[in-house]
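Asks: here's my sequence, what's the structure:
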Amino acid sequence: MSVAVSNSARAVGRLQRPATAANPTEELLLSRRADAAVAAAQSRRCSSHLLRLHRAVGCCSPLLRRWSCSPETSPQPPIRPETNPSSPETNPISTEQIGSHSKSFGMKTHSSNHEIDMESGRLVEDKERPLRSKRVITIHNQALLSGFAYCISSCSMILVNKYVLSSYDFNAGISLMLYQNLVSVIIVSILSLLGVVKTEPLTWRLIKVWLPVNVIFVGMLVTSMFSLRYINVAMVTVLKNVTNVITAVGEMYMFNKHHDNRVWASLFIMIISAISGGITDLSFHAIGYTWQFINCFLTASYSLTLRRVMDTAKQVTNSGELNEFSMVLLNNTLSLPLGVLLVFVFNEVDYLLQTPLLRLPTFWLVMTFSGFLGLAISFTSMWFLHQTGATTYSLVGSLNKIPLSIAGIFIFKVPTSLENSASIFFGLLAGVLFARAKMR
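Replies: Numbering: from 1, shown residues only. Down below sits the predicted model:
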């Protein structure tokens, strides 16, 4: 087969030999170089390369001369005619020339790490440099944007609930919670049907595993509504620090987790600030404080129970995972029948039938907006956590209470004193110290 290929190469060379190649020495040189190049190509078994060589044989092109003079492709030393050694046609090809022609075929060389994109004709490395810089800027902007969206949604949710319960004097916190959860279920279900988010199907096995967690979840939301009706926003944020104390103690007994001295010091400051804040609170309300302490206990119980149930719940799902959207859909869907039951237990039906607020379009608009905010917290928290991490997420959540407390005091014109303001400040500072101590 090699003889046939060589003969065909010589035949093509004779047919395509230009009229100017009349020198017998040059014809002998071209013939030997063609035989050497064809033999090298046959050893590599490169059909496309053979085709290019067949087309180039006898045409005296620089491509054939460079390939024939290359030490990689020529097994025999090239025979040079007695011509000028400085002639570019007879000099052996340099490393830069090999690199330039190998790049034209999209190959990498030892002299250059760049690679040609055959479609655009640009260096891939040069093309990727602006993309990498844009990617860094985009991630940085997304982290900043997601953090800002998380802070705005979480602050707005508490302020809007406070506005509905206090400014509108809406005395049906369970009904407000029920409507917000219904809005969340509708939105997540629509997004799941459209394929925007992925959720797990609600099976009886998953419902039975998740039902204890959901009961605590509903109790946590209801007690939060009741306490927010009677207590100002700043004191609610400070009293919520008691949740960290209960959670830390629960982790010791349930998960055998120990904390260092910095954590316990920050927890001690939280307790002192909560007690001093309650004593100096000019708008102190015993019922509101009672509901808030119950809320702290239920919130800590929800966090601890969720850790135990999460692994079991993942085992009964189809994919073996349970993402944030599935938890939102699961919690809010299961809370609907329990919420309806609590509406009758707390006798909110009579109030709903008599209150004129339900005939105001603006009131329905505010309640619907609060439902969107409740879902926005889940979306933005998941987005922010994905862009940054648990450490930054925890620290920003603690720092977010500072503008929330200030906004709650000024928006709702809460009467305060210097002692109460100092207690609120130290309580918020203890939350930041607690977050930093948990990082270490």
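Asks: now the end-to-end length of stretch 275-284.
Replies: Counting by CA to CA, to the nearest Å, you get 12 Å between the two ends of stretch 275-284.
Asks: what is the mean pLDDT for it?
Replies: Stretch 275-284 carries an average pLDDT of 91.
Asks: so which residues make contact with it?
Replies: Stretch 275-284 is contacted from outside by 231-232, 235, 238-239, 289, 414-417, 419-420, 422-424, 426-427, using CB atoms under 8 Å, 6 or more residues apart in numbering. From N, CA and C alone the C-beta is placed, and that goes for glycine too.
Asks: among these, which are located in helices?
Replies: Secondary structure from DSSP state H places 235, 238-239, 289, 419-420, 422-424, 426-427 of those in helices.
Asks: any chance of a markdown table for those residues, columns distance to F434 and neighbour count?
Replies: Shown next, in a markdown table, are the ones in helices among the contacts of stretch 275-284 (distance: CB to CB, whole Å; neighbours: other CB atoms under 10 Å):
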| residue | distance to F434 | neighbour count |
| --- | --- | --- |
| M235 | 18 | 31 |
| V238 | 13 | 29 |
| L239 | 15 | 24 |
| Y289 | 21 | 18 |
| E419 | 23 | 14 |
| N420 | 21 | 25 |
| A422 | 18 | 14 |
| S423 | 16 | 25 |
| I424 | 16 | 27 |
| F426 | 12 | 19 |
| G427 | 11 | 27 |
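Asks: how about low-confidence regions in the stretch 251-400 of the chain?
Replies: 390-391 (pLDDT under 70).
Asks: one more time with 90, if that's ok
Replies: For the stretch 251-400 of the chain, applying pLDDT under 90 flags the ranges 251-260, 263, 282-283, 303, 306-328, 374-375, 377-400.
Asks: so where do the helices sit in the stretch 201-350 of the chain?
Replies: 204-230, 233-239, 242-254, 261-280, 286-315, 324-345, 348-354 (DSSP state H, counting those that start in this stretch).
Asks: most packed of the ones you listed?
Replies: Across these, averaging neighbours per residue (mean count of other CB atoms under 10 Å) puts helix 233-239 on top, at a mean of 26.
Asks: any idea how far N181 is from M157?
Replies: 13 Å (CB to CB, to the nearest Å).
Asks: so the two - more neighbours on which side?
Replies: Regarding N181 and M157, a neighbour count based on other CB atoms under 10 Å identifies N181 as having more, with 25 against 21.
Asks: ok, the more buried one touching L334?
Replies: No - using CB atoms under 8 Å, N181 is not in contact with L334; the gap is 9.4 Å.
Asks: picking up where we left off before, shared neighbours of N181 and M157, which are they?
Replies: What both N181 and M157 touch, as defined by CB under 8 Å, 6+ apart, is the set G374.
Asks: identify the residue nearest I207 in space, chain neighbours excluded?
Replies: Distance criterion CB to CB, 6 or more residues apart in numbering; nearest residue to I207, sequence neighbours excluded, is L334 at 6.7 Å.
Asks: quick check, the one you found in contact with N214.
Replies: Yes - assessed by CB under 8 Å, L334 is found in contact with N214 at 4.2 Å.
Asks: what is in contact with the two at once?
Replies: By CB under 8 Å, 6+ apart, no residue touches both L334 and N214.
Asks: got the domain ranges for this protein?
Replies: 2-107, 146-439 (automatic domain parsing).
Asks: what mean pLDDT does the shortest one have?
Replies: Right, the one you point to is domain 2-107. 49.
Asks: measure L304 to F344 for me?
Replies: For L304, the distance to F344 - CB to CB - is 30 Å.
Asks: then A437?
Replies: 45 Å.
Asks: with I271 instead?
Replies: 38 Å.
Asks: over to Q315?
Replies: For Q315 relative to F344 (CB to CB), the value is 35 Å.
Asks: residues in contact with A143?
Replies: By CB under 8 Å, 6+ apart, the neighbours of A143 are 384, 387-388.
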